[in-house]
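> Provide a 3D model corresponding to the input given below.
(chains A, B, C and D)
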Protein chains: 2
Amino acid sequence: MTPRRRQELDADDLATVLEEFIRSFIRLPSAERHTFTTLSVLHTLTHRGPMRLTALTTTEQITQPAVTQLVDRLERDGLVERRPDPDDRRAVLVQVTPAGARIVHTRRRDRVDRLARLAETLTPEERHAIGAALPALARMAALMDDER
Amino acid sequence: MTPRRRQELDADDLATVLEEFIRSFIRLPSAERHTFTTLSVLHTLTHRGPMRLTALTTTEQITQPAVTQLVDRLERDGLVERRPDPDDRRAVLVQVTPAGARIVHTRRRDRVDRLARLAETLTPEERHAIGAALPALARMAALMDDER
DNA sequence: CCATCTCACATAAGCAACTTATATAAATCG
DNA sequence: CGATTTATATAAGTTGCTTATGTGAGATGG
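Here you go, the predicted structure:
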């Protein structure tokens, strides 16, 4: 791709870059065999704390029975736990176990290591440019998430 | 004159930002119901041109029978075409049809629109910072892809 | 050349993870 | 308190992957 020389942000170029990263990230070979949805649920629970099943259906964009079954599998494998909601006896709170959190953290460390290693091959100017853009990118990602 | 700020790139922050974008991007509701692998194959074929089935197994990280079956479905739906390889009568070249390319382009336009809309809510400084980082990010993504 | 090995793809059978439809039990509401 | 809504579970079917194996074309060594 050839980014245009211009001060304003070109959404087209940004989309291209993000797509490349996404494809590379997702295809990263991981030792543990988990589906994307599984990893996403573990990630969500790790970062947001215990949640209801119904809350997960909206964050993960899958149906409620799919979440029930997914949590069944995760619970069977010792990665999450079901806990009664003290405020509502219909509801269940899903919570990651230390084993589940370890998977999330391991994957993350792999990614960070990989990125850090790649960053070393960049020029100082390139590293600086990316570093300077991170707060703005973070804000943009947060806005994107809020839209749903 | 201003001394160059040697602001190092924090791989941890970069990983966080990328993860957020990935999750938001992937969960974007798309009118057409296609799996991630399907979209990825269409994307690859659109950008790289006709490819062999075996070449797709490596880019998509799925087994050869899975590619055969996926191409069967895509061909049935008119999104790709099988074509004999003139140089090797064992081989098949898979090629996107206009209908397949349209799906890729529509999805891309949705993403670009969404990013452009979000960018409008950023400050000019933030937009500038992201724009300035794009070439470096693109190079990084390319390096990442080469590693496989 | 020709037997054999390798390569590119297809087929078969099984399984995992999703879907829609429906059931159950608790909470809310008029 | 009966009716409705809400949170989750269960059932049955479908999809898209997996491993194992088959088939025909290209490469290779005696």
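
> So A:Arg82 sits against A:Val92, correct?
Yes. With contact defined as C-beta atoms under 8 Å, A:Arg82 counts as touching A:Val92 (5.0 Å). C-beta: built from backbone N, CA, C; applies to glycine.

> higher neighbour count, the two?
A:Val92 (19 against 14; other C-beta atoms under 10 Å in any protein chain shown).

> Could you give me the buried positions within the helix or strand encompassing that one?
Secondary structure from DSSP states H and E places A:Val92 in strand A:88-96. Under the neighbour-count criterion of 16 or more other C-beta atoms under 10 Å in any protein chain shown, strand A:88-96 has A:Val92, A:Leu93, A:Val94, A:Val96 buried.

> Spatially, which two of those are the most separated?
Greatest spatial distance among these (C-beta to C-beta): A:Val92 and A:Val96, at 14.1 Å.

> Is DNA strand D within reach of the strand holding A:Val92?
Yes. Strand A:88-96 reaches DNA strand D (C-beta under 7 Å from any atom of the strand) through A:Asp88, A:Arg90, A:Ala91, A:Val92, A:Leu93.

> If we check chain B, which of those are in contact?
Checked against chain B using C-beta under 8 Å from any C-beta of the partner chain, the residues of strand A:88-96 next to DNA strand D give no members in range.

> Could you identify the most distant pair in those residues?
A:Arg90 and A:Leu93 (11.8 Å).

> re earlier: distance from the chain centre to the strand holding A:Val92, please.
From the chain centre to the centre of strand A:88-96 is a distance of 22 Å (C-alpha atoms, centre = their mean, to the nearest Å).

> what's in contact with it?
Strand A:88-96 is contacted from outside by A:42, A:45-46, A:49-54, A:56, A:71, A:79-85, A:104, using C-beta atoms under 8 Å, 6 or more residues apart in numbering or on different chains.

> can it be found next to DNA strand C?
Yes. On the criterion C-beta under 7 Å from any atom of the strand, strand A:88-96 is in touch with DNA strand C at A:Asp88, A:Arg89, A:Arg90.

> can you list contacts of the next helix or strand after that strand?
Later in the chain than strand A:88-96, the nearest helix or strand by DSSP H and E is helix A:98-120. With contacts defined as C-beta under 8 Å, 6+ apart, helix A:98-120 is touched by A:25, A:28, A:30, A:32, A:34, A:39, A:42-43, A:45-46, A:74, A:78-80, A:96, A:127, A:130, B:9, B:11-12, B:14-15, B:18-19, B:140, B:143-144.

> Restricted to strands, list those residues.
A:Val80, A:Val96 (DSSP state E).

> Are any of the contacts of helix A:98-120 buried, and if so which?
Burial by neighbour count, judged by 16+ other C-beta under 10 Å, picks out A:25, A:34, A:39, A:42-43, A:45-46, A:74, A:79-80, A:96, A:127, A:130, B:9, B:11, B:14-15, B:18-19, B:140, B:144 from the contacts of helix A:98-120.
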